[in-house]
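In: Sequence first, predicted coordinates after that:
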Amino acid sequence: MTDTFGATAVLLAQAVAGDQRAWDALVEQHSRLLWAVARSYRLDQADAADVVQTAWLRLVEHLDRIEDPSRLVGWLVTTTRRECLRVLRRSGRERLVPSDEGALDVVDESIEPLDAGLILDERNAELWRAFSRLSLRCQQLLRIAVADPKAYDEVSTALGMPIGSIGPTRGRCLARLRTLLDGTGLANGGDTEARP
Amino acid sequence: MTQIGDEELFAQLRTVLDEADPMPEAVLVSARAAFALRSLDAELAELVRDSAEEERGGLIAVRGEGDARLISFETGAVAVELQVTERGLLRDLVAQISGVEVGSAEVETPTSLYPTVLEETLASVDGVPAGHLRIRVHTAQGRDLVTSWVRV
């Protein structure tokens, strides 16, 4: 874990010194995580792209003033989150923001599934459907875990989740996903089963 | 379905997310290009207020000319009050710059620079495309200021 953060801090220092390739490496390493964060707030592709770009523009503005280079990923995620909340607020969709108490939200069946590309493999389609039926918070946690497993703790903190609940919550979301995959979970809604 | 390990489930999820929700390449291209927009010699005027953040969805009536968004930036004694009016995919801008004597001002997008018409403390330009922009101010004393980027 230290290596990853160390590499990021080194790249940042090189970018501060004017190295475009170091900047490119930062962008390539972390953009997918920021994209995952934006999409996990249910932003559409255009808004998500704008939000990610805003985060990188913000970093360029503050390049000389990043206080803790080893926590750059958290800084980028916090910035991305702030922009996501702005977008949601402006369009009146703030209710879709995952709960800040760290509790798993209810599933909102009325939310459109993410605009998805064509998934040919039936097994993957099944996994995608099960994933889409997780609460927004679980979707967010698992997207982060997939996008940047090494920075999971830092990213979760940046998204406002209390430290104590991080591990078990991710585990619970994964368990929930398994349940949905196994088909022993919710069939058609109307469930009274306790949330994990 | 037989129980699969966490590692494998994550791997499958990664594959599915890459297929179902890939990040467009254009995002990487724009992000790389952002580095060229670094302004080493310019002082940054940070965003301090944005009417779009406020309760009623962020539009205020401006003298019957239609709704406008007001964005405020500050650095030290210098303040830039930017009024943005939407006109389809374009934006009409009026920036009031106070606390410094202005030589010239421009509106900068990631790809272009738009000169403004300067009348005392007001710098204006019409028809800038919607998207990211900032105001660049050259003071009469030769100082350079930029506001932080905003998306309008």
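Out: Everything's here; your move.
In: quick one, helices of chain A?
Out: For chain A, the helices defined by DSSP state H cover A:2-16, A:20-40, A:45-61, A:72-90, A:122-132, A:136-147, A:152-158, A:166-182.
In: any chance of the ones you listed in a markdown table, plus mean pLDDT and distance to B:Val16?
Out: In short, each C-beta sits where N, CA and C put it, glycine included. Converted to a markdown table, the helices of chain A look like this (pLDDT from 0 to 100; distance: least, Cβ to Cβ, whole Å):
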| stretch | mean pLDDT | distance to B:Val16 |
| --- | --- | --- |
| helix A:2-16 | 80 | 24 |
| helix A:20-40 | 95 | 13 |
| helix A:45-61 | 97 | 17 |
| helix A:72-90 | 91 | 22 |
| helix A:122-132 | 86 | 5 |
| helix A:136-147 | 88 | 9 |
| helix A:152-158 | 85 | 19 |
| helix A:166-182 | 82 | 11 |
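In: In a markdown table: those, plus mean neighbour count and distance to B:Pro22.
Out: Shown next, in a markdown table, are the helices of chain A (neighbours: other Cβ atoms under 10 Å in any protein chain shown; distance: least, Cβ to Cβ, whole Å):
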| stretch | mean neighbour count | distance to B:Pro22 |
| --- | --- | --- |
| helix A:2-16 | 16 | 23 |
| helix A:20-40 | 22 | 9 |
| helix A:45-61 | 22 | 10 |
| helix A:72-90 | 20 | 18 |
| helix A:122-132 | 17 | 13 |
| helix A:136-147 | 23 | 12 |
| helix A:152-158 | 21 | 20 |
| helix A:166-182 | 17 | 21 |
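In: Close to chain A: what parts of chain B are there?
Out: Taking Cβ under 8 Å from any Cβ of the partner chain, the part of chain B that reaches chain A is made up of B:1, B:3, B:6, B:9-10, B:12-17, B:19-24, B:26-28, B:30-32, B:34-38, B:44, B:52-53, B:57-58, B:110, B:131-132, B:148-149, B:151.
In: Restricted to strands, list these.
Out: Of the residues of chain B next to chain A, the ones assigned to strands by DSSP state E are B:Leu44, B:His132, B:Arg151.
In: Please, a ChimeraX command that selects the buried ones among these?
Out: The ChimeraX selection below is limited to those of those classed as buried (16 or more other Cβ atoms under 10 Å in any protein chain shown):
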select /B:44,132,151
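In: so, if you compare the ones in strands among the residues of chain B next to chain A, which one comes nearest to A:Thr179?
Out: Checking those against A:Thr179 by Cβ to Cβ gives B:Arg151 as the nearest, at 40.0 Å.
In: how about the nearest residue to the closest one, chain neighbours excluded?
Out: Using Cβ to Cβ, 6 or more residues apart in numbering or on different chains and skipping the chain neighbours, the partner closest in space to B:Arg151 is B:His132 (5.4 Å).
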